[in-house]
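Novice: Below is the sequence, then the predicted model.
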Amino acid sequence: MTDLDRLLEFAARSQLPDGGFGYLGDDGRVRPERGQESWIVARMTHVFGLAQLSGRSGWDDLVRHGVEALAAGPLHDGDRGGWYASTSDDGKAAYVHAFVVLAGATAATAGAPGGRELLDEALGVWQTRFWDDAAGLAVEEWDAGWSRLSDYRGANANMHGVEASLAAADALGDGDPRAARLRRQALRTVQRVVHGWARERDWRLPEHFTAGWEPLPDHNRDEPAHPFRPYGVTVGHQFEWARLALHARAVTPDPPSWLLEDATGLFTAAASRGWAADGHDGFPYTLGWDDRPVVSARMHWVLCEAVAAAQTLAAVTGDASYRRLAEHWWGHGEARFADPATGSWHHELTPEGAVATGTWEGQPDAYHLAQVLLLPGRAVCGSVAAALG
């Protein structure tokens with residue numbers, strides 16, 4: 001059985017002696033040839049912050065290690081502001097910055113030295129460089145000098161922007177006027193993406209857009225297994241958006257009824273269309289617009305988000321059928337994905353259950369699995385960190 005403490009011990013192996021966290025392989029060893037990647041450093045900092053907030057001792061040093069790496073390490077652009085995608089890519093992406101905001105929020109909530117300062121800096125960059133108030137959405141990617149903005153717009157970065165904004169608002173507290181603004185921004189994004197594009201398309205959420213926010217349904221058709229921008233309907237993101245709508249609902253005064261209705265609709269579509277869509281148990285990574293599998297590989301994070309969304313719906317509605325789904329899917333994950341050698345989960349499997357590497361190699365990410373292990377039995381708040389407080 002997957003155990004949070006053993007998962008955290010595995011994740012701790014990602015610590016790099018010179019700062020930051022690295023990409024872990026299947027053997028639990030850091031892959032030094034990959035250098036540092038901001039999304040991994042930020043996610044690991046967030047995970048260790050959650051561990052500290054859960055009452056576990058001994059994780060404060062790793063939270064501080066992550067905060068220091070993000071505040072003054074090679075990924076941070078001290079002259080022009082913001083964070084590079086990695087030590088080998090100087091692009092500045094909304095996806096990365098959303099996770100830096102999340103790391104800063106969790107570190108600040110945990111009381112880590114420098115956590116509040118990291119959060120303040122990351123929020124400043126998010127608001128000035130990425131948030132487009134006219135659209136109610138975030139733009140995608142700049143060059144290193146903030147002079148060229150990509151024409152591409154994406155739902156994935158906005159999804160994590162919602163998560164980060166809600167977490168930052170919780171960390172700041174209601175006495176800070178930024179908290180209310182961040183929650184309004186998160187709600188606007190959920191309304192645009194879920195209540196707009198997803199609902200209009202019978203719960204088939206487009207992921208890719210032009211600079212004017214026109215959907216690009218054929219984007220990456222020639223690279224359908226892309227790890228961050230796959231072609232078609234991404235099943236796991238539909239579960240994730242459903243859960244985030246419920247987190248937004250939890251911190252919205254007099255929340256509109258569509259938040260719960262849309263979360264339920266999006267969840268139900270992902271569950272009914274995704275599970276065993278190719279005749280094998282589990283959720284394919286992506287579906288086409290005709291609901292047929294495009295990339296049939298099973299990703300650990302998709303199953304984690306399905307379980308987390310079911311757990312959250314069960315907590316909000318009291319409907320035991322969601323809890324039964326969560327238990328069923330979790331049992332599938334324990335049987336198929338769990339790696340007894342590491343305490344983590346394999347990140348990618350074939351439909352038949354063999355370890356695969358078409359999109360992901362190794363086991364770099366403790367974020368999805370740690371959160372799904374921490375959610376059960378806790379109140380639904382704006383963020384996971386707030387639920388642990």
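Specialist: Sure thing, it's come through.
Novice: Tell me both backbone torsions, phi and psi, for the residue nearest to the spatial centre of the chain.
Specialist: In the chain, the centroid-proximal residue (CA atoms, centre = their mean) is residue 160; its distance is 5.4 Å. Residue 160 adopts backbone torsions of phi -70, psi -20, taken as degrees, to the nearest 10.
Novice: Enumerate every residue touching the closest residue to it other than its chain neighbours.
Specialist: In space, residue 160 comes closest to residue 98 once its chain neighbours are excluded; the distance is 3.9 Å by CB to CB, 6 or more residues apart in numbering. For glycine as for every other residue, the C-beta is placed from the backbone atoms N, C-alpha and C. By CB atoms under 8 Å, 6 or more residues apart in numbering, the contact list for residue 98 reads 126, 138, 157, 160, 161, 163, 164.
Novice: Distance to residue 204 and pLDDT for the residues you listed - can I get that in CSV?
Specialist: Below are those laid out as CSV (distance: CB to CB, whole Å; pLDDT from 0 to 100):
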residue, distance to residue 204, pLDDT
126, 29, 98
138, 22, 99
157, 20, 98
160, 21, 98
161, 21, 98
163, 22, 99
164, 25, 99
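Novice: Which one of these is nearest to residue 64?
Specialist: Residue 64 lies nearest to residue 164 out of the contacts of residue 98, by CB to CB, at 20.3 Å.
Novice: can I assume residue 65 is in contact with residue 15?
Specialist: Yes: between residue 65 and residue 15 a contact is recorded at 6.3 Å, counting by CB atoms under 8 Å.
Novice: which stretches of the stretch 51-200 of the chain form strands?
Specialist: 92-93, 131-132, 137-138, 141-142, 153-154 (DSSP state E, counting those that start in this stretch).
Novice: Okay, now the unreliable bits of this protein?
Specialist: For the chain, no stretch is flagged by pLDDT under 70.
Novice: Please enumerate the helices of it.
Specialist: 4-12, 38-53, 60-72, 94-109, 115-125, 155-172, 177-190, 199-200, 235-250, 258-274, 300-317, 320-336, 367-374, 384-388 (DSSP state H).
Novice: Pipe the ones you listed into a markdown table and attach distance to residue 280 per row.
Specialist: Conversion of these to a markdown table gives the following (distance: least, CB to CB, whole Å):
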| stretch | distance to residue 280 |
| --- | --- |
| helix 4-12 | 26 |
| helix 38-53 | 29 |
| helix 60-72 | 38 |
| helix 94-109 | 30 |
| helix 115-125 | 41 |
| helix 155-172 | 26 |
| helix 177-190 | 32 |
| helix 199-200 | 30 |
| helix 235-250 | 14 |
| helix 258-274 | 12 |
| helix 300-317 | 13 |
| helix 320-336 | 10 |
| helix 367-374 | 21 |
| helix 384-388 | 31 |
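Novice: which one of these lies closest to residue 23?
Specialist: helix 38-53 (5.9 Å).
Novice: coming back round to it: check contacts around the residue nearest to the centre of the chain.
Specialist: 95, 98, 99, 102.
Novice: how near is the residue nearest to the last one when sequence neighbours are not counted to residue 123?
Specialist: So the one you mean is residue 102. Spatial nearest neighbour of residue 102, excluding adjacent residues (CB to CB, 6+ apart): residue 164 at 4.4 Å. Distance, residue 164 to residue 123, by CB to CB, to the nearest Å: 9 Å.
Novice: dump the residue contacts of the closest residue to residue 148 other than its chain neighbours.
Specialist: Using CB to CB, 6+ apart and skipping residues adjacent in sequence, the residue nearest residue 148 is residue 142, 6.7 Å away. Residue 142 makes contact with 82, 91, 92, 93, 129, 148, 149, 150, according to CB under 8 Å, 6+ apart.
Novice: Tell me the bridge partners for the closest residue to residue 204 other than its chain neighbours.
Specialist: Using CB to CB, 6+ apart and skipping residues adjacent in sequence, the residue nearest residue 204 is residue 233, 5.1 Å away. For residue 233, the beta-bridge partners are residue 287 (DSSP bridges).
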